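What shape does this take:
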Amino acid sequence: VTVGGREVRVVDIHAHCEFPELQSILASTNLEDVRFRDFVTLSPARIDEMNRRGIDVQVLSVNQYYWYNADRDLASQIVDVNDRGLAEWCETYPDRFVFLSSPALQFPNLAADQLQRAVEEFGARGASVGGHVDNVPPTAEFFDPFWARAESLGVPVFMHPNNAQNVVMAGSLGERHDLGNIIGNPLETTLFLTRMILDGVLDRFPNLKICGAHGGGYITSYLGRSEYACIRSDDCVNTRPVGDYFKDQIIVDSMVFSDEGIRHLVAETGPSQVVYGSDLPYTWPDTIDLIVESRHLDDATKIAILGGNLIDLLKL
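Model prediction:
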């Protein structure tokens, strides 16, 4: 990939994987019905697709978060298998992959220790979390040990949703058109980021960096309404306007699939807060060409979004 005649290192924050060897550990537990998908398992085909698209480095994470419903011992086993599997893959292909740990957020002190171990022993570049823990947003002070550790380690947290199961009534999005994904995922991200701001998490941890999947959800298109929430109610504890957090603490990926969508993200957040995401191995439209060919962005902004911002954030 080149921008203005200059070769660009493309870094992808949004890449799924899973480890089917966990099936034997989950047998005869409350998670025995969890199923793994062959196409999400890591294989050389992943590298072939990265080469086809022009992705140089991919940031891998495991995003189902079914272990949020596990007891402490089982959750510890699951996270350990995921982290070791990711570390082994990244050691095999050190120039192409780095990874994020996905700790057991239902036990915040354990999650903090898991993240620290993953960073210091296995080389993880940060954490991945869901938008809720059994329908509870992770924004109460109960979860602060985890956020505090991420801040102290200086690593970002990538948030990935799971069809807004914590937001919408069962069946309300129907069974047609994959609306749990199409509408639900960005909706869950919107709620998560809004609560992180209004509940004061980002104020309690001012150096914490959060990356929201799918363009950060809908909040970047409705920042004014979110800011008005703090005028209408007296229970918001954030100390800055909502939009300000998107200038320094909240990062969003590029998965909005249109030239105008990319322009709008940059206009609302700034060039330093948008990063490239592919959602591989799922087959969404790729945004590399949109970024490279954008008539709204200068070359420096394009280079930052495609890789420069993540190179800095993840210390690549």
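
Going along the chain, name the helices of this protein.
Applying DSSP state H to the chain gives helices spanning 23-26, 44-53, 72-92, 108-122, 144-153, 179, 185-198, 201-204, 223-232, 245-248, 259-269, 288-293, 299-303, 309-313.

Identify each buried residue in stretch 97-109, please.
97, 98, 99, 100, 101, 102, 103, 104, 105, 106, 107, 108 (16 or more other CB atoms under 10 Å). For glycine as for every other residue, the C-beta is placed from the backbone atoms N, C-alpha and C.

what's the distance between the last one and residue 137?
Using CB to CB, to the nearest Å, residue 108 is found at 13 Å from residue 137.

So what touches stretch 47-57?
The contact list for stretch 47-57 (CB atoms under 8 Å, 6 or more residues apart in numbering) reads 1, 9-12, 58, 93, 95-98, 278, 280-281, 286, 288, 307, 310, 316.

Weed out the non-buried ones from the residues you listed.
Buried among those by 16+ other CB under 10 Å: 1, 10-12, 58, 96-98, 278, 280-281, 286, 288, 307, 310.

out of those residues, which are inside strands?
The members of these that map onto strands under DSSP state E are 11, 12, 58, 97, 98.

Now the residues you listed in TSV, please, with extra columns for pLDDT and distance to residue 22.
Formatted as TSV, those follow (pLDDT from 0 to 100; distance: CB to CB, whole Å):
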residue	pLDDT	distance to residue 22
11	98	27
12	98	24
58	98	21
97	98	20
98	98	21
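
of those residues, closest to residue 186?
residue 12 (18.8 Å; CB to CB).

low-confidence ranges in the stretch 101-250 of the chain?
163-184 (pLDDT under 70).

Please list all residues in contact with the residue nearest the centre of the chain.
Closest residue to the average C-alpha location of the chain: residue 158 at 2.9 Å, with CA atoms, centre = their mean. For residue 158, the contact set (CB under 8 Å, 6+ apart) comprises 13, 14, 59, 61, 100, 126, 127, 128, 129, 211, 213.

Same question for residue 259.
290, 293, 294, 295, 296.

With residue 147 instead?
157, 201, 204, 205, 208 are the contacts of residue 147 under CB under 8 Å, 6+ apart.

Of those, just the buried ones, ChimeraX syntax please.
Buried residues within these, by 16+ other CB under 10 Å, are selected in ChimeraX with:
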select :157,201,205,208
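
quick check, nearest of the contacts of residue 147 to residue 258?
Among these, and counting by CB to CB, the member closest to residue 258 is residue 157, at 26.9 Å.

burial measure for residue 300, as a count.
12 (other CB atoms under 10 Å).

and the nearest residue to it once chain neighbours are set aside, what pLDDT?
In space, and not counting its chain neighbours, residue 300 is closest to residue 271: 7.3 Å by CB to CB, 6 or more residues apart in numbering. pLDDT recorded at residue 271 is 96.

How about the contacts made by residue 271?
297, 300, 301, 304, 305, 309.

Going by neighbour count, which of those are buried?
297, 301, 304, 305, 309.

any idea how far residue 69 is from the third one?
This means residue 304. 38 Å.

Beta-bridge partners for the closest residue in space to residue 310 that isn't next to it in sequence, please?
The shortest distance from residue 310 to any non-neighbouring residue, by CB to CB, 6+ apart, is to residue 11 (4.0 Å). Note on residue 11: beta-bridge partners residue 57, judged by DSSP bridges.

For residue 11, give me its contacts.
Residue 11 neighbours (CB under 8 Å, 6+ apart): 55-59, 275-276, 306-307, 310-311, 314, 316.

at 7 Å what do you get?
Residues in contact with residue 11 (CB atoms under 7 Å, 6 or more residues apart in numbering) are 56, 57, 59, 276, 307, 310, 311, 316.

Good, wrapping up.
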